[in-house]
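Trainee: Sequence isn't available, so here's the structure alone:
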């Protein structure tokens, strides 16, 4: 007969033994889509952005790119950001393994209304996005942050510090600089000329990093679709493709990576 005291102690000790951690599901890519919703864009432009991502996940080309991968599935989360304290997960980590899952992701995204928030902190967006990979339940062959925006960093720590911290963890940061009327010299306060150069020199980084500049909102849906196909299919460009993608600059930065902070300081000293 088992001594009840011994049995109780044994059960108690078993309860102290930690259970093995749940295995992370293998995927081809863990992708954070980080979308700028700062006040420099109006609600019509925010709708164009959101609709562009919805259309991309509904496109047969993107769905095919996902299923053609090594594992045939990816994990995606959709985040909106603005200032250093303004990041919002619109859709949490979602496994997409085919047409049905991609369509469901697109539908959920279409039902969530975008919001506008103040300031522009690309660095905080990168820091926030990098933290989302921890304990997300997936193990990707690649980890990617896809950052879109229409202006330079003007709040939070320097964007190059956030970029370097993320890339040191093996994360790739790709860019979608929005060089519409809010993202070039024709725009209002906070915009800069050559935003693509700023993204190339100051924002993107990591293995195979690239960007797709958008010069007009009409180009946005196609630019998003093409960029996501490249990211999710692992077809990142090995060399520049004229007017389509640009790789990370190999030479020392030519852009002023603190131009946004300087603009903000100048504004408040007037």
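Mentor: Arrived safely, thanks for sending. Keep in mind that what you see is a predicted model, and the values were worked out from it rather than measured.
Trainee: Can you classify residue 175 by secondary structure?
Mentor: strand (DSSP: H, G, I helix; E, B strand; the rest coil).
Trainee: Might one say that it is in contact with residue 199?
Mentor: Yes: counting by C-beta atoms under 8 Å, residue 175 does reach residue 199; the two are 4.0 Å apart. Glycine gets a C-beta too; all of them are placed from N, C-alpha and C.
Trainee: quick one: which of those two has more around it?
Mentor: Comparing residue 175 with residue 199 by other C-beta atoms under 10 Å, the one with more neighbours is residue 199, at 31 against 28.
Trainee: Now do that one, the pLDDT please.
Mentor: Looking at residue 199, its pLDDT reads 94.
Trainee: How about the backbone phi and psi for it?
Mentor: phi -60, psi -40 (degrees, to the nearest 10).
Trainee: likewise the one 10 residues further on?
Mentor: The phi/psi pair for residue 209 (degrees, to the nearest 10) reads phi -60, psi 140.
Trainee: where are the low-confidence patches of the stretch 1-150 of the chain?
Mentor: 1-22, 114, 116 (pLDDT under 70).
Trainee: Do you have the helices of it handy? List them.
Mentor: Assigned by DSSP state H, counting those that start in this stretch, the helices in the stretch 1-150 of the chain fall at 4-16, 43-58, 60-67, 99-111, 122-131.
Trainee: follow-up on the earlier one: list the residues that contact both of residue 175 and residue 199?
Mentor: Common contacts of residue 175 and residue 199 (C-beta atoms under 8 Å, 6 or more residues apart in numbering): 149, 211.
Trainee: Just list whatever residues bridge to residue 77.
Mentor: residue 32 (DSSP bridges).
Trainee: quick one: contacts for it?
Mentor: Neighbouring residues of residue 77 by C-beta under 8 Å, 6+ apart: 31, 32, 33, 89, 91, 92, 93, 94, 132, 136.
Trainee: One more: residue 26?
Mentor: Residues in contact with residue 26 (C-beta under 8 Å, 6+ apart) are 71, 138, 139, 140.
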